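Enquirer: Quick one: sequence and predicted model below, then my questions.
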Amino acid sequence: MARHDLEFQLNYSILLEEMQMTLMGRIDRLFVTAQLFLGCATVFDAMPTWLTGGFVSLLAIFQVVYQFGARSMEAKIHRGTYLGIRRKLANLTDEELDRALVEAQGNDSSVSGSLTNPAWVAAARQMGLPVTDQQWRFSLLERAAAFFAGNLPRPA
């Protein structure tokens, strides 16, 4: 693989992990805030107990199954790995960079598919690569995920 492609892959991976970290962290905080709000609503008898209890249980189930906070922390660790490679980039040969990327990608976190296209476009823009009109067309889910992940690329 050419040096330019390896550097693009590195930048793409950093952006993708950063977006995953931000999105999962925000979802986790949203769920915790909703649980606190619903807990207060139960205590102050603002809503029927069965309804607030049902919502709290549903939110707790989602948190246990999807573990948004843990996924955010995992993405933060992997982003740190990629940033470490970027710091050493000038001193790495193409082979060493390729080996470092393969090793880092072997431990990658599972990332939401709705973030892949926006992260690719953001990495391409960051490196000054051309982006076609078709690549700028994000689905509604991709647009929402990238927005909440804090990195919705926009055409210049």
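Expert: Right, received. Where do you want to start?
Enquirer: middle-most residue in the protein, spatially?
Expert: Central residue of the chain (C-alpha atoms, centre = their mean): Q20, 1.0 Å from the mean position.
Enquirer: residues contacting it?
Expert: R71, S72, A75, S109, V111, S112, L115, A149 (C-beta atoms under 8 Å, 6 or more residues apart in numbering). Every residue, glycine included, has its C-beta placed from N, CA and C.
Enquirer: and the residue of the chain positioned farthest from its centre, backbone torsions?
Expert: Distance from the centre of the chain peaks at D45, with 37.2 Å (C-alpha atoms, centre = their mean). Here is the backbone geometry of D45 (degrees, to the nearest 10): phi 60, psi 40.
Enquirer: Which helix or strand contains the closest residue to A123 other than its chain neighbours?
Expert: Once flanking residues are discounted, A123 sits nearest to Y12: 4.0 Å by C-beta to C-beta, 6 or more residues apart in numbering. Counting by DSSP states H and E, the element that carries Y12 is helix 3-43.
Enquirer: try R71
Expert: Per DSSP H and E: R71 is located in helix 68-87.
Enquirer: which outside residues touch that helix?
Expert: Here helix 68-87 makes contact (C-beta under 8 Å, 6+ apart) with 10-11, 13-14, 17-18, 20-25, 27-28, 31, 63, 92, 97, 100-101, 104, 107-111.
Enquirer: List the buried residues for that helix?
Expert: Buried residues in helix 68-87, counted by 16 or more other C-beta atoms under 10 Å: 68-69, 71-76, 78-79, 81-82, 85.
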